[in-house]
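Visitor: let's see this in three dimensions:
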Amino acid sequence: MIRSSAPTRIDLAGGTLDLWPLHLFFDNPPTLNAAIDLYATVELTARRDKTIILESRDLRQRATFKNLAALPERHPLVLLIKLIRFYQPQTGLHLVSDCRAPAGSGIGGSSALSIALHGALNRFTKKRYTRVQMIEIAKNIETQVIDVPAGTQDYYSAMFGGVQSIQPTLMGMRPRHLPMDLKDLNRRFVLCDTGQPHHSGINNWSVYKKTIDGNSKTRRSLARIGEVARRMEALLEQGRLTRFDHWFNEEWKARKALAPGISTASMDRMIRAAKKKGALAAKVCGAGGGGCVAFYVKPGTQKTVAQALQDHGGKVLNFKFVARGLRVARSRS
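Guide: Numbering: from 1, shown residues only. A predicted model of the protein is given here:
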């Protein structure tokens, strides 16, 4: 059996600008995120025949196909199917996937699952793709699945872990770890699932089209998001959190101006309630419109902030920031 796992993430600043070619229009600002231990996991066991069995524990789906050629084009487990078709295993297999991130949470669950799948299938088929190559393949396959351009930041956090600056350049993406104290960060964040799933592909595609079409309001908002990401990066690369709350709030202001519906009335109520109990800043994870909200709080106020969020219908998720990225191991069981 091959077991693999990859972390999800909280995006801190610069999201949406990781979509090619949007960052090129704004002098390549970084995207900042931090990996968390709500892992996507894969267990892959070889079979003696050609049968392919796929199970998704979080989606509660199971399917059996007599061989590789029988894999369909359309299916609820299309991401798993496309990756298996890409890797072309020579034997049958039994693949079980799971993801601790709630569906539509905006914390990169599907991308983390994609990286965990790549890790397992790359080992199983002995293709020997590098980690950077797997990220490029994952981005392209997920674009096929969601039918709109996929960003890249989620794959880097899943692959490499830690707090990262993902810097676009004219020669490709350049990830860089930022020297943050993860134990300190753990005391300063609360993550709340609003219970309203988001649809990042739809939101990002709207922004994407408006930017390409030269919409001045959209471009101003993205320019501000890029500026905030650079300011935040300057703090984090020194391991400092001075004025982090200011820039975290500024990122959210710019993001709300980016697209209608990125925040909901219930999200706004949760944020107001949390700030009365010790939250210093908040922003919706991912493209917004639902999913999770991340709160930066005063140390020692996590419990009171969490209670305020639960009182307003939120579900507080237990998590920790982690330094690790993709892990792949082989076992006999």
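Visitor: where does the spatially most central residue of the chain land on pLDDT?
Guide: Computing the C-alpha centroid of the chain and ranking residues by Cα atoms, centre = their mean puts G108 first, at 2.0 Å. The confidence metric pLDDT takes the value 92 at G108.
Visitor: now it: phi and psi?
Guide: phi 80, psi 30 (degrees, to the nearest 10).
Visitor: same deal with the one 10 residues further on?
Guide: Backbone dihedrals for H118, given as degrees, to the nearest 10, come out at phi -60, psi -40.
Visitor: how about the residue nearest to the centre of the chain, nearest residue that isn't a chain neighbour?
Guide: What sits nearest to G108 in space, not counting adjacent residues and going by Cβ to Cβ, 6 or more residues apart in numbering, is D154, at 3.6 Å. In this view, the C-beta of every residue, glycine as well, is placed from N, C-alpha and C.
Visitor: list the residues that contact that neighbour.
Guide: D154 is in contact with T8, R9, N33, G108, S111, A112, counting by Cβ atoms under 8 Å, 6 or more residues apart in numbering.
Visitor: and of those residues, the nearest to R100?
Guide: Comparing these against R100 with Cβ to Cβ places T8 closest, at 7.6 Å.
Visitor: elements contacting the lowest-mean-pLDDT helix or strand in the chain?
Guide: Sorting the helices and strands of the chain by mean pLDDT, DSSP states H and E puts helix 200-212 at the bottom, at a mean of 79. Packed against helix 200-212 by the contact rule (3 or more Cβ pairs under 8 Å, 6 or more residues apart in numbering; DSSP states H and E) you find helix 216-236.
Visitor: for the stretch 151-300 of the chain, which spans come out with low pLDDT?
Guide: Scanning the stretch 151-300 of the chain with the threshold set as pLDDT under 70 gives 197-202, 287-289.
Visitor: let's see it at 80
Guide: 196-204, 259-261, 287-290 (pLDDT under 80).
Visitor: how many other residues sit next to the residue nearest to A223 when sequence neighbours are not counted?
Guide: Using Cβ to Cβ, 6+ apart and skipping residues adjacent in sequence, the residue nearest A223 is F26, 5.6 Å away. Residues lying near F26 (other Cβ atoms under 10 Å) number 19.
Visitor: got it, and L241?
Guide: 16.
Visitor: now E142
Guide: E142 has 23 nearby residues by other Cβ under 10 Å.
Visitor: going on from the top strand by length along the chain, what's the next piece of helix or strand?
Guide: Longest strand in the chain by number of residues (criterion: DSSP state E): strand 31-46. Next helix or strand after strand 31-46 toward the C-terminus (DSSP states H and E): strand 52-56.
Visitor: angle of that next one against strand 31-46?
Guide: 140 degrees (axes from the mean of the first three to the mean of the last three Cα atoms, to 10 degrees).
Visitor: and the angle from the very next helix or strand once past strand 52-56 to strand 52-56?
Guide: Helices and strands here follow DSSP H and E; after strand 52-56, the next one along the chain is strand 61-65. Orientation note: strand 61-65 sits at an angle of 170 degrees relative to strand 52-56 (the same axes, to 10 degrees).
Visitor: run through the helices of the stretch 51-200 of the chain in chain order.
Guide: Secondary structure of the stretch 51-200 of the chain by DSSP state H, counting those that start in this stretch: the helices cover 78-87, 109-125, 131-146, 153-160, 182-186, 200-212.
Visitor: hmm, who's touching the first one?
Guide: When contacts are defined by Cβ under 8 Å, 6+ apart, helix 78-87 is touched by residues 52, 54, 56, 68, 71-72, 75, 93, 95, 97, 110, 113-114, 117-118, 121-122, 124-125, 127, 137, 141-142, 144-145.
Visitor: before we move on, back to that, got the buried residues for the longest strand of the chain?
Guide: Across strand 31-46, burial judged by 16 or more other Cβ atoms under 10 Å covers 31-36, 38-44.
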